[in-house]
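*Asks:* Please work out how this folds:
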Amino acid sequence: MTTKYLLSDERIPRHWYNIIPDLPTAPAPVLHPGTHQPVKPEDLAPLFPLALIEQEMSLQREVPIPEEVRAALARWRPSPLFRAHALEKALGTRSHIYYKYEGVSPAGSHKPNTAVAQAYYNAKAGVRRLATETGAGQWGSSIAFAGQLFGLAVTVYMVKVSYEQKPYRRSLMRTWGAEVFASPSEQTNTGRGILAKDPGSNGSLGIAISEAVEDAATHEDTKYALGSVLNHVCMHQTVIGLEAQEQMKLAGEYPDVVIGCHGGGSNFAGIAFPFARDKMHGKPVRLLAAEPTSCPTLTRGVYAFDYGDTAKMSPVVKMHTLGHDFMPPGIHAGGLRYHGASPLVSQLLHAGLMEAVAFPQRACFEAAVLFARTEGILPAPESSHAIKAALEEARKADEEGRERVILFNLSGHGHFDLGAYDQYLAGRLEDYEYPREAIERSMAGLPKVDIA
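*Replies:* Numbering: from 1, shown residues only. Sure thing, here's the model as predicted:
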């Protein structure tokens, strides 16, 4: 009985998969935040090095991974694929459950897959410092780690509620040399303006993005790094799904459903996009994104043009959104507290090529504890949404008298989230259902765009 499926270092993918050439229709244009006209490469130059701008706009299906990046990835890749035999036994299910485990990376999540690529391209372009935001700290710690690999200084604006909930994540960032500020902060005009209106603000990813973008745009030696949402970020993460496809061949099976948790879209894209290519070529595979009911971007948001940040400094993209001024509750899955979604993930959902479901946080923690007690890995709160979705898929299959092959991305471990587990085990966690009226208020602030 095989439990884990491993690939040698030589099997690290040599190309990232760019889904854009395979989409049924071309993506909507990215718009300048000031003019609402399609952006040109030079418009993005204050934020990103040319190589990443080219990747963001690329129509090339396979983009070569530089050998320096593959060498950095080899510190933890290929990551293992596990068959969840103990979990299946506990459920009494006939279904086969597999998980791709990204918690083996130095930062304990999938985020270094793109962090090392972004740090490499910035260092090659002569950039001295990166400014970025982080929700739960997984991205912040990943870019701090990558900055050390390639000799870059890193400044992280960490959403205040997570800054306070997860002190050891910021300790990890600082250990790797990054400076970390609770966002909203006193470091930027954006942060000072928000604190003047609301001194007790919990912060949001939208606010933290605004601070990081302002920082990068006002310092010539600094560029901006983003851990999710954008095309090049999603593309860098496809190493996950590309490896998983090879490992599922070793297992002699092909998934009926592929699942990832969803915040901005990077981890879902990483596991799902290579299988989406299969789906668009006729494979009967379902793609399922799992998000929190407190931040229901895909399940209750609208598909519209919106800003990526609260201060309206980042480009306007067409995506599923709850509104750029949306303020989510302070759930412990901090990496999923984003008002928008990747334009590419949004396009897949709009085209009916994937599905989305939302769960409350207590049900997700219940699933995470079951997983920890059977499989032995403590999941990050974000990953617990994918686990919950996998359990529901197995239960539905059993009710239908079917055997289903289920693959999900276990995007990171929860070793820095034990405070959240303490609260769950003590019965102190609350569930949040974001009210429709609040979403409608946010919708009123969407930009007026004349492009269909």
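
*Asks:* so what's the residue most central in space within the chain up against?
*Replies:* With distances taken as Cα atoms, centre = their mean, Ser266 lies nearest the centre of the chain, 3.5 Å away. Ser266 makes contact with His110, Lys111, Thr114, Gly227, Ser228, Val229, Val233, Cys234, Gln237, Ser342, according to Cβ atoms under 8 Å, 6 or more residues apart in numbering. Where C-beta positions appear, they are placed from N, C-alpha and C, glycine not excepted.

*Asks:* One more: Gly252?
*Replies:* Going by Cβ under 8 Å, 6+ apart, Gly252 touches no other residue.

*Asks:* low-confidence ranges in this structure?
*Replies:* 327-337, 451-452 (pLDDT under 70).

*Asks:* Using the three-state scheme, assign the residue lying farthest from the centre of it.
*Replies:* No residue in the chain sits farther from the centre than Gly401, which is 33.8 Å out by Cα atoms, centre = their mean. In terms of secondary structure, Gly401 is coil; the call rests on DSSP: H, G, I helix; E, B strand; the rest coil.

*Asks:* the helices in the stretch 201-350 of the chain, which residues?
*Replies:* Per DSSP state H, counting those that start in this stretch, the stretch 201-350 of the chain carries helices over the ranges 205-217, 231-236, 239-251, 266-280, 297-300, 343-350.

*Asks:* now Met1, nearest residue through space, not along the chain?
*Replies:* Leaving out its chain neighbours, the residue that sits closest to Met1 by Cβ to Cβ, 6 or more residues apart in numbering is His85, at 6.6 Å.

*Asks:* Correct me if wrong: the one you found contacts Thr3.
*Replies:* Yes. Between His85 and Thr3 there is a contact at 6.2 Å, judged by Cβ atoms under 8 Å.

*Asks:* Compare the two (neighbour count), which wins?
*Replies:* Higher neighbour count among His85 and Thr3: His85, with 15 against 12, using other Cβ atoms under 10 Å.

*Asks:* any idea how far that one lies from Leu59?
*Replies:* Taking Cβ to Cβ, to the nearest Å as the measure, His85 and Leu59 are separated by 43 Å.

*Asks:* again with Lys100
*Replies:* 28 Å.

*Asks:* State the phi and psi torsions of the closest residue to Tyr101 other than its chain neighbours.
*Replies:* Once flanking residues are discounted, Tyr101 sits nearest to Leu410: 4.8 Å by Cβ to Cβ, 6+ apart. Main-chain torsions, Leu410, degrees, to the nearest 10: phi -90, psi 90.

*Asks:* CA atoms of stretch 302-318 as PDB?
*Replies:* The C-alpha trace of stretch 302-318 is given here as PDB (Å, rounded to 0.1, in the frame of the first residue of the first chain):
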ATOM      1  CA  VAL A 302     -19.700  40.100  -8.900                       C
ATOM      2  CA  TYR A 303     -17.700  39.700 -12.000                       C
ATOM      3  CA  ALA A 304     -16.600  43.300 -12.800                       C
ATOM      4  CA  PHE A 305     -13.700  45.700 -13.200                       C
ATOM      5  CA  ASP A 306     -12.300  46.800  -9.900                       C
ATOM      6  CA  TYR A 307      -9.200  48.100  -8.200                       C
ATOM      7  CA  GLY A 308      -6.800  45.600  -6.600                       C
ATOM      8  CA  ASP A 309      -6.300  47.800  -3.600                       C
ATOM      9  CA  THR A 310      -8.200  50.100  -1.300                       C
ATOM     10  CA  ALA A 311      -6.500  53.400  -2.300                       C
ATOM     11  CA  LYS A 312      -7.100  52.700  -6.000                       C
ATOM     12  CA  MET A 313      -3.400  52.900  -7.000                       C
ATOM     13  CA  SER A 314      -3.100  49.400  -8.500                       C
ATOM     14  CA  PRO A 315      -4.400  48.500 -12.000                       C
ATOM     15  CA  VAL A 316      -8.100  47.900 -12.600                       C
ATOM     16  CA  VAL A 317      -8.800  44.300 -13.600                       C
ATOM     17  CA  LYS A 318     -11.900  42.300 -14.400                       C
END
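
*Asks:* Residues contacting that stretch, please?
*Replies:* Contacting residues not belonging to stretch 302-318 are listed as 27-28, 30-33, 36, 39, 43-44, 190, 194, 204, 206-207, 209-210, 213-214, 217, 229, 319-321, 323-325, 339-340, 343, 346-347, 349-350, 443, 446-447, 449, 451 [Cβ under 8 Å, 6+ apart].

*Asks:* Let's see the PyMOL selection covering just the buried ones among those residues.
*Replies:* Selection of buried members from the contacts of stretch 302-318 for PyMOL, criterion 16 or more other Cβ atoms under 10 Å:
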select buried, resi 27+28+30+31+33+39+43+44+190+194+204+206+207+209+210+213+214+229+319+320+321+323+324+325+339+340+343+346+347+349+443+446+449
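
*Asks:* Could you measure from the residue nearest to Met1 over to His96?
*Replies:* From His85 to His96 the distance is 9 Å (Cβ to Cβ).

*Asks:* What's the local residue count around Thr297?
*Replies:* Neighbour number of Thr297 under other Cβ under 10 Å is 32.

*Asks:* Relative to Ala272, how far out is it?
*Replies:* 16 Å.

*Asks:* try Asp215
*Replies:* According to Cβ to Cβ, Asp215 stands 32 Å off from Ala272.

*Asks:* Among these two, which residue is more densely surrounded?
*Replies:* A count of neighbours by other Cβ under 10 Å puts Ala272 above the other of Asp215 and Ala272, at 34 against 24.

*Asks:* what's the closest non-adjacent residue to the more buried one?
*Replies:* Nearest residue to Ala272, sequence neighbours excluded (Cβ to Cβ, 6+ apart): Leu287, at 4.7 Å.

*Asks:* my guess is the one you found contacts Arg277, does it?
*Replies:* No. Using Cβ under 8 Å, Leu287 makes no contact with Arg277, being 10.9 Å away.

*Asks:* just so I have it, where are all the strands in the stretch 1-150 of the chain?
*Replies:* Here the stretch 1-150 of the chain has its strands, by DSSP state E, counting those that start in this stretch, at 4-5, 15-17, 62-64, 81-83, 96-101, 129-134.

*Asks:* Among these, which comes closest to Thr374?
*Replies:* Closest to Thr374 of the strands of the stretch 1-150 of the chain, according to Cβ to Cβ: strand 96-101, at 10.4 Å.

*Asks:* if I pick the closest residue to Thr238 other than its chain neighbours, what's in contact with it?
*Replies:* Nearest residue to Thr238, sequence neighbours excluded (Cβ to Cβ, 6+ apart): Tyr17, at 4.2 Å. Each residue near Tyr17 by Cβ under 8 Å, 6+ apart is listed here: Arg61, Glu62, Met235, Thr238, Gly241, Leu242, Phe273, Pro274, Arg277.

*Asks:* could the residues you listed go into a markdown table alongside neighbour count and distance to Asp198?
*Replies:* Listed next are these as a markdown table, based on neighbours: other Cβ atoms under 10 Å; distance: Cβ to Cβ, whole Å:
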| residue | neighbour count | distance to Asp198 |
| --- | --- | --- |
| Arg61 | 14 | 46 |
| Glu62 | 12 | 46 |
| Met235 | 27 | 36 |
| Thr238 | 25 | 39 |
| Gly241 | 26 | 40 |
| Leu242 | 24 | 44 |
| Phe273 | 27 | 38 |
| Pro274 | 21 | 42 |
| Arg277 | 19 | 44 |
